[in-house]
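Enquirer: here is a sequence with its predicted model. Questions after.
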Amino acid sequence: MLVRVRRFILGRRKCTLRGPTRIRARPFVTFSRSAEEYPESYSLKTQRIPAALRTALEKLFRQYPRQSLQRDGVAFNRYLANRRTLTVNGLSGEWENVGQSGGPLTYRKYEGVLYAATWLPSSYAAIRRVLHEINAREGNFQPKSLLDFGSGIGTSVWAAHDLFGDTIKEYVCIDDSEEMNGLASYLLNGGEDKTDQLVPDHYISGMRFRRLLSSTFENSYDIVIALYTLGDLADLRQKRAVIRELWKQTGKFLVLLERGNLEGSRNILLARETILKKIRSQDSSNVGFVYAPCTHDLVCPHTTLVTKLPCHFGQRAELSLVETDSDYYKSYGYKLEKFSYVVFKKGDERPENSNYSLHRVIGPEKRRSGHVVCKLCTQQGHLVQTVVPKSKGRTLYKHSRQLKWGDHLLQPRGVELKFLDLYPRSSHEEGS
């Protein structure tokens, strides 16, 4: 007798049906792990701005001709992408100003509108991704206060509120442009002009706006953020002064995030070097370590590369108003926002794990039959490529197949992986 075998998916289980009555359910192969040992991926699905913000933006954009926003937005986007303020002296290795930087970048209302029409969704996705990593690693982290330096139209505030909800009771937004503060308040009011109110009824409560970052304030904030801000400062000394002051006002986490080009990566490297000098000063008020993306406090390997390349990561974002008119982006339906970032944690020293070596995945992984190819920044401070085969154990192999760009690879002690340098290093580094 011929018995038909039919396979189908029932919910999340594979089932085999033999004949009319016999059903055998077989669960999917799962990768058992504890959340502490093998954290979930830090990458998120395509990020979309909150509905309340979208409604306010639609009201804002209706005040301007669509064609003008499209034309001016493309030019504004090109200007920001090509802006240069930092370079490295080839002889001394010291940071220097770029003479043609054009000075500090100032925003009026129309520039703020263009920023919303070009960069808001992608910058929202980037900061949302970084805050998600902090929340995922800290577990029950409930910040009470947030300082946003260079707040612009309030992108970081929307991202933090979407993730942490009403646990944050105080938001302090600092931007030297009064018109940008007014635009941020307009969006928080749902697209309603409430300038006649002494205390506007914002969608997010606890909002305060300032124009200057003052060193006289003794307050500290659970989260301090500077999103796409260091690149707007043209002077090297001003950048360093701002970085030190932000670290001074940090209570727990300092989040610095820039665009994922070489200019943005250099600004992040400058911030990393500046704060690590403060930490190494042995001052009790400066105890801390590099929380992300680095798994070490050593010299960044990107500073020793013969070929200068940015350290950046990627996060999918919905298309902005300007990008929706681009045939290139419409063919994908999303934008891969590349960003450079560094997160410092204050008040604690770097925890040591005797069971694992911790490495950061610095590029898209390649899954092959029986092995996974990963690009890593290792705990020893090297940029390498490694292959994780099945022969290294089922647990590690399954863990490596689930990795995404920006995640942590946990290498168990006693399990050896072969590391191959990704890029040539300078003779000084090779001899050290």
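Expert: Everything's here; your move.

Enquirer: now do the strands in the stretch 201-350 of the chain.
Expert: Counting by DSSP state E, counting those that start in this stretch, the segments of the stretch 201-350 of the chain that form strands are 207-210, 221-227, 250-259, 288-292, 313-317, 335-346.

Enquirer: just the CA trace of the second one, in CSV.
Expert: Extracted as CSV, the C-alpha positions of strand 221-227 are listed here (Å, rounded to 0.1, in the frame of the first residue of the first chain):
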residue,chain,number,x,y,z
TYR,A,221,22.8,62.4,34.3
ASP,A,222,22.3,58.7,33.9
ILE,A,223,22.7,59.0,30.1
VAL,A,224,24.6,61.7,28.3
ILE,A,225,24.3,61.7,24.5
ALA,A,226,25.9,63.6,21.6
LEU,A,227,24.4,62.5,18.4
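
Enquirer: tell me the strands beside that strand, with direction?
Expert: Using DSSP bridges, strand 221-227 pairs in its sheet with strand 145-149 (parallel), strand 250-259 (parallel).

Enquirer: now the angle from it to strand 335-346?
Expert: Interaxial angle of strand 221-227 relative to strand 335-346 (axes from the mean of the first three to the mean of the last three Cα atoms, to 10 degrees): 140 degrees.

Enquirer: give the residue spans of the protein that score low on pLDDT.
Expert: 1-40, 89-93, 99-104, 193-202, 215-218, 306-307, 424-432 (pLDDT under 70).

Enquirer: helices along that one, start to end?
Expert: Assigned helices in the chain, in chain order: 51-61, 66-82, 109-118, 120-138, 155-164, 178-188, 236-248, 262-279, 327-332, 394-401, 427-431 (criterion: DSSP state H).

Enquirer: quick one: list the elements packing against the third one.
Expert: If contacts are counted by 3 or more Cβ pairs under 8 Å, 6 or more residues apart in numbering; DSSP states H and E, helix 109-118 sits against helix 51-61, helix 66-82, helix 178-188. Any C-beta I mention is one placed from the backbone N, CA and C, and that applies to glycine too.

Enquirer: those: which one's closest to residue 275?
Expert: Closest approach to residue 275 among these (Cβ to Cβ): helix 66-82, 25.0 Å.

Enquirer: run through the neighbouring helices and strands of that closest one.
Expert: helix 109-118.

Enquirer: quick one, domains of the protein?
Expert: Listed by automatic domain parsing, the domain ranges of the chain are 51-346, 356-431.

Enquirer: same list, those, but as CSV with mean neighbour count please.
Expert: Shown next, in CSV, are the domains of the chain (neighbours: other Cβ atoms under 10 Å):
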stretch, mean neighbour count
domain 51-346, 18
domain 356-431, 16
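
Enquirer: since that was my last question, I'll sign off now.
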